[in-house]
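[1] Quick check, what structure comes out for this input:
(chains A, B, C, D and E, ligands or ions: 5)
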Amino acid sequence: MANLQLQDIEKAFGSVKVIKGVNLTVNHGEFCVFVGPSGCGKSTLLRMISGLDSVSGGRITIDGDLVNDVAAADRGLSMVFQSYALYPHMSVRQNLSFGLENLNTPRDVIKKKIDEVATMLQIHELLDRKPKDLSGGQRQRVAIGRAVVREPRIFLFDEPLSNLDAELRVDMRGEIAQLHKRLGNTMIYVTHDQVEAMTMADKIAVLRAGVVEQFGAPLELYHSPVNQFVAGFIGSPKMNFLNAQVVSAANGKVSLGAGRSIILRSDDFMLSDDAVVVAGIRPNAVRVAESAVADFTVEISGVERLGGESYLYTKTRDGSPVTVNIQGETSLEPGQEIGLSVDVEKVHLFDSDTGATLHR
Amino acid sequence: MANLQLQDIEKAFGSVKVIKGVNLTVNHGEFCVFVGPSGCGKSTLLRMISGLDSVSGGRITIDGDLVNDVAAADRGLSMVFQSYALYPHMSVRQNLSFGLENLNTPRDVIKKKIDEVATMLQIHELLDRKPKDLSGGQRQRVAIGRAVVREPRIFLFDEPLSNLDAELRVDMRGEIAQLHKRLGNTMIYVTHDQVEAMTMADKIAVLRAGVVEQFGAPLELYHSPVNQFVAGFIGSPKMNFLNAQVVSAANGKVSLGAGRSIILRSDDFMLSDDAVVVAGIRPNAVRVAESAVADFTVEISGVERLGGESYLYTKTRDGSPVTVNIQGETSLEPGQEIGLSVDVEKVHLFDSDTGATLHR
Amino acid sequence: MGKAIAFLTRTRGSRDHAGSRLHWTDWFTYGYLLLGIVLMFGPVIWLLMSSFKTDAELNTFPPRFLPYAQEMITLDGHTKPLPIFTVTEGELEGVQVAQVRRVGIVSQVVKMDAPDEIIKIKVKEREPVEKLALAWENYSDLFKRFNFMQFLWNSTFITVISTLIMLLVNSMAAFALSKYEFRGRTVVLAMIIGTLMIPQTVVLVPLFLVVREMGMINSLWGVIIPGAATPTGVFLLRQYMLTIPDEILDAARMDKASEWKIYWRIILPLSAPAIAVLAILAIMWRWNDFLWPLIVLSRTENFTLQLALNSFQGEMATQWSSLLAMTVLTLLPIAVVFAFLQKYIATGIASTGGK
Amino acid sequence: MAVFLNSCMRIIEIPMLYLQQKLGISKLAWVFLLPNLLLFGLFAFLPVVLNLVYAMTGSDQILLEDRTWVGMGNYNTLLSCKDFLDPNSCTDDLFWRAVYNTLSFVLLQVGFMVGFALLTALILNSKIRARGFFRSVFFFPVLLSPVVVALIWKWILQREGLANAALEGAGFDTINWLLDRHWAFFWSVFVSVWAHMGFYTLILLAGLQAIPRDVYEAASMDAATPLRTFRRITLPLLMPTMIVVLVLSLIKSVQTFDEVYAFTGGGPGSATTFLIQYVYETGFAGMPRLFGLASAASILLALVLVVLTFLQLWASRRNANG
Amino acid sequence: QELRFMCSTDGNECEVIEDLVTRFEAENAGVDVIVDIVPYKSIQENLPVQLAAGTGPDLAKVTDLGGLSPYYLDIKPFVDADYWEKSFGDILNWYRKGPDDEGLYGLHSQLTITGGYINRTLFDQAEVEPPAADATWEQWAEAAAEVAEATETPHLMAMDRSGHRIAGPAISEGAKLFAEDGSPILVDEGFTNFVTKFVEWNNDGTMLRDVWAGTGGDTYQDASQEFINGSLVYYYSGSWQVGKFDSEIGDAFDWQVVGTPCGAVACTGMPGGAGIVGFKSTKQPEMVAKLLDFLAREDIYAELTARTLNIPAHAAVAAKGVDYEGASAPAAAALNAWGKQVSTVSPVAYAYQGYKNNRAMFGITMTRVSQAIVGELTIEEAMERAKVDLEQALTEVDAK
Ligand SMILES: Nc1ncnc2c1ncn2[C@@H]1O[C@H](COP(=O)(O)OP(=O)(O)OP(=O)(O)O)[C@@H](O)[C@H]1O
Ligand SMILES: Nc1ncnc2c1ncn2[C@@H]1O[C@H](COP(=O)(O)OP(=O)(O)OP(=O)(O)O)[C@@H](O)[C@H]1O
Ligand SMILES: O=P(O)(O)OC[C@H](O)CO
Ligand SMILES: [Mg+2]
Ligand SMILES: [Mg+2]
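    Numbers count the residues shown, from 1 in each chain, chains lettered A, B, ... in the order given. Ligands and ions are numbered 1, 2, ... in the order given. All right, here's what the predicted structure looks like:
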């Protein structure tokens, strides 16, 4: 139920600069997901928002009020810690009720809420255990429970589902989404799970090394990444990057590293002929094709069969790896040479120096 | 480099029975993945294999030697803890070197190995930090590093990649696979990630509440689950389960809960007519179809768009949820009624009481 | 050596797997513990036994473990009970006789069956016949002699109140010194550790003057308050609290806990082992405190047990029998307290409930 | 009881919460410190300051206002020596005898005591039967008053005591333990270790509890030998507690008095006369009461302690980092 | 009205006093005297502090008679001074601040005399006749050696470790302790002579070495345990041991009081003891005086002496002789023997006991003589140190 604004936020641990000027506005009721490589500063950002860490520079405002100097307890947020940080001496029930007690919630209300949360997290029979007697995933659920049992202005989740099994994760995803809908409060959510990020987020912020690379709706990031980094980061398996050269800018003709030229339908790239670029092609935008119609040929270096789909890991003649996503199963085996054809509509082009997306 | 055998392994914490007779043989050099719902006993099993927890019953043999009474330090295994358990007072480098020092490895060898591992895990610039100054994912990588820097007979990994971003996870998956290939030793690997399980495993053990439900090659589990639980657990999104009734056993004709009868090609089910069963259909075995050719109609309750694919969450007339996996994007919206057709070859049937797979 | 340490450093978890066979390290441990019993507990047992000895028995060389007293018999024709001896030499050798009186080196004895016929033997030719006898009077005299209940109450009051104040105040300070960054922290810490350096003996007089200015002489509060001000507890608790992960406090702050609540709902329970240790120590200090109450309290009605106990120490002589009995009596309550509190020492956080 | 405490705490929470809001967290630290600082300042620190003043005064009067100002006079008396290594050449030979006795005593006593306390704590922390019982076994001596401790050991060590009986039984000559200066010194160390070891064992036991179990598990997966586990895991992680033990034991050892005084009276001769006995006899027991001199001696003692403590802290910090 | 009386005890003194005080209370309605029985340490170390700080009791039984004199209440205005002078005579000086002080301060409730005890039974067994009253230390040593050898007794002689105890023999040997002008010197030829002998005896086994060499500093140490055990032939201590010997030796052997052996110039023991004093700080000086006067009454004093097994300091009581009613025969005999010793006490001994800083001198003696015995210092060094110590102590005392 709050609007959160980060202005030029910076953070340094000693001489190590970890957050380097982050600007971000999360609107009231929005579900915002932070993604980024390990160590890029997501948790740090969360901790600064929560008030547990001070900012080295910049302003944090909640609903327009500057909160830089407001203590964590007074910001009215709640947080799931990446490391859980459960109270080791309290039972699960006490872990869950502690926050409510601090708000002087009546006892019967506490009981009811804990009951609800326990049901939601499927931890009913664990309520009287101490954290040390729980499995990893159970602990994580308690950590989630502790945050959601209260109804704060803003939720901060730091990889809350990382240790849960797939089924439970889907359930929890649903529960959190529902909670969000019910409470309508602002949520900030760190995850490494593509599916979570894509399906839950209103907006995703992609961080790299303390900087926000792109901030936008999930599909916007998927379809229009601002640069090669974002393109590579969003979407799983990762986008393939091939060295390419513009053959004819006018025709939108581009030659891929080791194959024949392809014609990108759109033709208004602001490129000169012979410009060296990087072509980004998602694994599901390539198809195995007869050599006759193939855009280039590759050698298979690995095959992964997931049951419903398979991945082919291949290498082009000039050594660039290309992953191919195939529906169903395949009988292809490593070592085979195959031809691949590209869905030209789905090719992205990036500046080979800066990685910036070249717009059509 | 070792063969591991669990015979009737049991474990109880006080009166809580957590592992209830597990029998398992992991052959020399095999990559075995444990999957199962949160709290089913995966970590406990790992800890018993490692020697950190005693078994309440049963025998553990490594290479034929009974090791029940052998101390953890003497079993020659190494383990990545779900909770990392890094040495808080040591730098990353010391965390990594400690195990090697214990083996009296010469100093230059240690240095070389740490260098290799640091490169593999991309933690070079963190070597002189203490664990508390690392991000969650960085800590997890150090935990992996500590295990792999030695070359033990058996590796135990407890959700080693849960806190890493997608890209890194793919890298690490590759590295671990390569390590496995290079050292040829036995690996036991707990994960909640379907992709990891399916792609890395030679064999997967599916656990439920302390019992091994099925143990076999990944695709075997995917295609021939022994019961509804395994079928539901393997494969993502989860298999859809619909109530069904045998219309004509002789023709292999089955009526799905709320649609018209479908004919399963194979016809030798050992079922009587009118038997009530559960039909399992994976999300990628249903297709949106014109109502004319549709096997049943559903109402869309949710749509998730991941970019490369989309999930339709739907409900049949009798309220069973059906997830549909669609390649690419879709313009369908919640509330719409659509028809679905089933890929009859991929329908599984389960006993509605026991959940056991009904074989054709 | 390595294995010995293995045995010592292994945790409960790692011990689990060991078979039932006793390893030599187990022998080492149990050997050490046995030695501990003999060396650490033996003297204490001896003390206990000695508290049942008469003063004369206490003075006997060489000392004996069990309390003995000479056997006495009442015979016809003798009004007082007579001590029994065994004759060691001469014609009566081996016979038990009762001594009527001793004159110089001659002992006048009678046989049990002939109580009128006096026989003279040399003092050296007889040995007393002794039996086990507990001198309960050492204890019962205490209750007769002074107002034991009053002293017990005073001691208990001082100990309980002082310990509570000390635990509260010290743990609050330790919390501030271990979990907050603020200017002046080092100074306070240095002051506290610095004060430890000055021996208690010398500050007694200045402290007395301070307490007099506060008007607390001859009042139990004059013992309670200065007792609660010792710096040791702050130091001990602070060092322990340093090991509590900050992240748990962070979690509590996110749970909207006030700092005070963090202190008593998170920090205090998590410091249970250290608090238990300090409580044991504080109770013991206050209970056994002697020098300071001696200065502050000079009126019988507010005497503590220790003061009463030490009133057996005169200028020239100490009544050891009473003193030992009193020692044992005063020891009992803290022994019980210890038995109760020591459990908490082992309730540390085996895992922090986090990753 | 628990309920009562709980409500007390709740009541205190109200003003504390107000202060927290009013002052902010960093100043709140002072609020937490305040009660202690008040008590401590008045009843522990102020007397120490007064003691500093006493050290600069002479005469046998007790009240500060009755005493004469002598400035550094007392220090001069204590520190005037022709040869600091030969107590006989000093004005106050007894002080210097006490200094040297104390130095060697502290070295031995702290070493043995901390060593044994650690060993005992490790054993008591391992999984043994009847842990509670054994804990009390090792702690019991701490409960005894110094007079009783001394009495017990005098009994054992006297001419016809237990120790000699044992020697005789084993066919050795008896020894007059407390008449020989070396033996007397040895037994002073022994008795003082005996009487105080339990105290430090207890503190160390609590410290061992604060070490997370999973680190030990990691170490055993790393195939660490027990010795290495001890050196590389237990010891460094026990450091905060170790510091308490080292600092306290050092301080208390330098200040050893009661039980040794009751045990040997500082004898034979001055073989076991330590600094506090000197202070005590000079300033309190003996006549006239040279309180100024005693105070000055105590301050010199404190100065030495400060230096030793900082050395210790420095060493342990280096250890923890290295 | 409430009076606080601080009392510490070796035997039953405080209890007897408490009992007598009840009678006083009966005679003086409205007066409540509370006897606080405290450890001796409290009287010795804390009472001075309390008095200086003005928080002391109204009365106390003290042993540092001269040291506390500045705080005493002069009861002269309230009592019959003549009776007091007549009854206690010179002993009153022990409580006075100096030669010019004429005040009445304390009631000497417990007069003690130092001297020797022998284990008579051992002498009898050895068939050795105990030396006569005028025998020298050497003669006693010889006799003790003979007895010990004959009876296989381990220890010959022992003397309490106390500066007070050694003073009698030293004075006997010629020690003057004070200069002509009355200023203390402690060490002189006579003193050194005795110390030299004493050290020698300690080292050749004549004296039980444990007592003086076994402890250090100012620690008091006696040898009563050895004597009670019958393992000591001759024990030099004092009259206060009678009660203890009586109860603890019981029937085990016969023991006997033999007074102080003779030296070159005298055969004197040291007088001593404890007395009851009132303090200036009291709010009821008159009542305090009244109480002291009550206790000084001849009948009361006689009863006190008899019941506490003490030697009377009251002239009239002494003259009449005390009937130690409850005491056993040996105890009564011993006490009477001690009573006879009073007359043999030399004026030097009286002066020493009356000197207000005598405790400093006792302490110095103990420390330095012990050092000489264990060989830390030679006798010359020890004596030299003793002189220096005394000077230093006196300058502190005089620095006002
Ligand atoms: N000390 C204990 N006392 C009681 N139950 C325990 C204890 N430790 C673990 N358990 C229970 O044992 C079960 C198995 O735990 P385990 O840690 O093996 O689960 P897991 O399969 O690793 O789960 P996750 O995927 O969540 O890590 C859990 O249900 C847990 O609650
Ligand atoms: N106390 C510290 N001192 C120095 N560097 C630190 C400290 N704490 C964190 N860092 C660094 O700051 C960076 C950001 O850490 P942060 O925990 O925010 O990462 P993250 O994005 O949450 O990563 P992950 O996905 O692995 O959890 C990391 O590179 C980490 O190494
Ligand atoms: O030397 P002390 O301390 O034994 O004193 C002797 C007493 O005055 C005897 O009554
Ligand atoms: Mg993080
Ligand atoms: Mg687990």
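[2] for chain A, what's the longest helix?
    In chain A, taking DSSP state H as the definition, the longest helix is helix A:166-183.
[3] Is that helix in proximity to chain B?
    Yes. Counting by C-beta under 8 Å from any C-beta of the partner chain, chain B has neighbours in helix A:166-183: A:166-170. All C-beta atoms are positioned from the backbone trio N, CA, C, and that covers glycine.
[4] Starting from chain E, give me the distance back to whatever residue of the stretch 1-150 of chain C ends up closest to ligand 3.
    Nearest to ligand 3 in the stretch 1-150 of chain C, going by C-beta to the nearest ligand atom, is residue C:59, at a distance of 19.3 Å. Per C-beta to the nearest C-beta, to the nearest Å, residue C:59 is found 5 Å from chain E.
[5] Longest helix in chain E, by number of residues?
    Assigned via DSSP H, chain E shows its longest helix as helix E:379-398.
[6] how about the nearest residue to residue 293, chain neighbours excluded?
    Looking at chain A here, since you left the chain open. If you skip the residues right next to it in sequence, residue A:293 has residue A:341 as its closest partner in space, 5.8 Å away by C-beta to C-beta, 6 or more residues apart in numbering or on different chains.
[7] Switch to chain D, please.
    That would be residue D:74: by C-beta to C-beta, 6+ apart, it lies 4.9 Å from residue D:293.
[8] And for residue A:97?
    residue A:110 (5.0 Å).
[9] Name the spans of chain C whose pLDDT lies under the cut-off.
    Judged by pLDDT under 70, chain C has its weakly predicted residues at C:1-24, C:61, C:316-317, C:348-355.
[10] centroid residue for it?
    In chain C, the centroid-proximal residue (C-alpha atoms, centre = their mean) is residue C:331; its distance is 4.4 Å.
[11] Check chain E too.
    Closest-to-mean residue, chain E, C-alpha atoms, centre = their mean: residue E:272 / 3.4 Å.
[12] does that one really touch residue E:350, like I thought?
    No. With contact taken as C-beta atoms under 8 Å, residue E:272 and residue E:350 are classed as non-touching, separated by 10.4 Å.
[13] just to revisit the earlier point, show me what contacts the residue nearest to residue A:97?
    Residue A:110 is in contact with A:97, A:100-101, counting by C-beta atoms under 8 Å, 6 or more residues apart in numbering or on different chains.
[14] Nearest to ligand 2: which residue in the stretch 1-150 of chain E?
    Closest point on the stretch 1-150 of chain E to ligand 2, by C-beta to the nearest ligand atom, is residue E:49, at 55.3 Å.
[15] quick one: secondary structure of that residue?
    Using DSSP: H, G, I helix; E, B strand; the rest coil, the secondary structure recorded for residue E:49 is helix.
[16] Kindly provide the distance from residue D:28 to residue D:17.
    Going from residue D:28 to residue D:17 by C-beta to C-beta, to the nearest Å gives 10 Å.
[17] The two: which is more packed in?
    residue D:28 (22 against 15; other C-beta atoms under 10 Å in any protein chain shown).
[18] Who are the packing partners of the strand or helix carrying that one?
    Following DSSP states H and E, one finds residue D:28 within helix D:25-40. Helix D:25-40 sits against helix C:148-179, helix C:185-197, helix C:259-261, helix D:2-23, with contacts defined as 3 or more C-beta pairs under 8 Å, 6 or more residues apart in numbering or on different chains; DSSP states H and E.
[19] Pick the most deeply packed of these.
    Mean neighbours per residue, mean count of other C-beta atoms under 10 Å in any protein chain shown, is largest over these for helix C:259-261, with a mean of 24.
[20] Any buried residues in the helix or strand following that helix, and which?
    Next along the chain after helix C:259-261, taking DSSP H and E as the criterion, comes helix C:268-270. The neighbour-count check on helix C:268-270 (16 or more other C-beta atoms under 10 Å in any protein chain shown) flags C:268, C:270 as buried.
[21] With chain D in mind, check whether helix C:268-270 reaches it.
    No. Helix C:268-270 is not in contact with chain D by C-beta under 8 Å from any C-beta; minimum separation 9.0 Å.
[22] Contacts for that helix next, please.
    Contacts of helix C:268-270 (C-beta under 8 Å, 6+ apart): A:88-89, C:171, C:244, C:248, C:275, C:349.
[23] Pull the most distant pair out of those.
    Greatest spacing in the contacts of helix C:268-270, by C-beta to C-beta: A:88 and C:171 (18.3 Å).
[24] pretty sure residue E:271 is touching residue E:112, no?
    Yes. Checked against C-beta under 8 Å, the pair residue E:271 and residue E:112 is within contact range at 6.9 Å.
[25] Comparing those two, which shows the higher neighbour count?
    Under the criterion of other C-beta under 10 Å, the comparison of residue E:271 against residue E:112 puts residue E:271 first, with 28 against 25.
[26] burial measure for residue E:149, as a count.
    12.
[27] Longest helix in chain D, please.
    Assigned via DSSP H, chain D shows its longest helix as helix D:93-125.
[28] Report whether that helix contacts chain C.
    Yes. Interface with chain C: helix D:93-125 contributes D:119-120, D:122-123, D:125 (C-beta under 8 Å from any C-beta).
[29] which residues does residue A:243 bridge with?
    On the basis of DSSP bridges, residue A:243 is bridged to residue A:278.
[30] surely it meets residue A:318?
    Yes. Checked against C-beta under 8 Å, the pair residue A:243 and residue A:318 is within contact range at 7.1 Å.
[31] ok, those two, which is more surrounded?
    residue A:243 (17 against 12).
[32] Quick check: chain neighbours aside, which residue is closest to the residue of the stretch 1-150 of chain E closest to ligand 2?
    Nearest one to residue E:49, counting by C-beta to C-beta, 6+ apart, is residue D:62 at 5.5 Å.
[33] and the residue of chain A nearest ligand 1?
    Closest point on chain A to ligand 1, by C-beta to the nearest ligand atom, is residue A:137, at 2.5 Å.
[34] Kindly provide the distance from that residue to residue D:263.
    61 Å.
[35] ok, residue C:295 touching residue C:208?
    Yes. Counting by C-beta under 8 Å, residue C:295 touches residue C:208, with 5.4 Å between them.
[36] okay, and the common contacts of those two?
    The contact lists of residue C:295 and residue C:208 share residue E:49, where a contact means C-beta under 8 Å, 6+ apart.
[37] Just the buried positions in the helix holding residue D:28, please.
    Here helix D:25-40 shows D:28-33, D:35-37, D:39-40 as buried, counting by 16+ other C-beta under 10 Å.
[38] Can you give me the end-to-end span of stretch A:146-162?
    17 Å (C-alpha to C-alpha, to the nearest Å).
[39] returning to that earlier point: would you double-check that the residue nearest to the centre of chain E falls in a strand?
    Yes. With three-state DSSP as the criterion, residue E:272 is assigned to a strand.
[40] Next, the contact list for it, please.
    Counting by C-beta under 8 Å, 6+ apart, the residues that residue E:272 touches are E:111-114, E:164, E:238, E:353.
[41] Max pairwise distance over those: which two?
    The widest separation within the contacts of residue E:272 (C-beta to C-beta) is 13.7 Å, between E:111 and E:164.
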